[in-house]
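Novice: predicted model follows, preceded by the sequence.
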Amino acid sequence: MDEPTRRHLARGEPRRDRRGRGFRGPLVLPGPLSGGRQARRRSPAAAFDTLVGAAVDRLRAHLPGEIDHVQFGVEETPLLPDDWTGEVPLATHVRADRVRDARVVVYRLPMSQRVRGRADTAGLVLDVLVEEIAELLGHDPDDVDPRLRPA
């Protein structure tokens, strides 16, 4: 994920509407029955980013110091070759080298197409992150999963 995108996601700002197909005004106008300020509905991408962030925070608390130098990112879909015939990956990891820290990238659309609802998505995100981190660190997934062993 490039630096401007990472900064954009970190601030939680809405993404730019490049084609003019988004909403042109507020969904609810202020009035006597609508109360004060209306809450904005978050985009599915922003909600997914929040789920990934919560899962990463939970894993960092469970594995203090072990994944401090791992960067986490979210992409829409993986870049696959045209002749790809296998299952679409839900995430990938890249080991650290001399220049860069280790990275784990979670793919939003393949995950959201496999589950329904926020709770199922949160569970799948945590499952996938546990598998990727376990493989990255060389641990058993049962040792990495915070649901199996209290921190």
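Specialist: All right, it came through fine. Numbers count the residues shown, from 1 in each chain.
Novice: in this structure, which residue is most central in space?
Specialist: For the chain, the residue nearest the mean C-alpha position is residue 52 (3.6 Å; CA atoms, centre = their mean).
Novice: any idea which element it lies in?
Specialist: Element membership for residue 52, per DSSP states H and E: helix 44-62.
Novice: what strands line up against the next helix or strand after that helix, and which way round?
Specialist: Downstream of helix 44-62, the next assigned helix or strand under DSSP H and E is strand 70-75. Strand 70-75 sits in its sheet next to strand 102-107 (parallel), going by DSSP bridges.
Novice: residues contacting the partner strand, please?
Specialist: 1, 52, 69-78, 88-96, 125, 128-129, 132-133, 136 (CB atoms under 8 Å, 6 or more residues apart in numbering). (Glycine included, C-beta is placed from N, CA and C.)
Novice: wait, isn't the residue nearest to the centre of the chain in contact with residue 72?
Specialist: Yes. The pair residue 52 / residue 72 is scored as a contact, 6.8 Å apart, by CB atoms under 8 Å.
Novice: list residues touching both of these two?
Specialist: 106, 129.
Novice: let's verify the closest residue to residue 135 other than its chain neighbours: helix, strand, or coil?
Specialist: Nearest non-adjacent residue to residue 135, counting by CB to CB, 6 or more residues apart in numbering: residue 93, 6.6 Å away. Put simply, residue 93 is strand when judged by DSSP: H, G, I helix; E, B strand; the rest coil.
Novice: count the neighbours of the closest residue to residue 106 other than its chain neighbours for me.
Specialist: Nearest in space to residue 106, with sequence neighbours left out and distances taken as CB to CB, 6+ apart, is residue 91 at 4.6 Å. For residue 91, the number of neighbouring residues by other CB atoms under 10 Å comes to 23.
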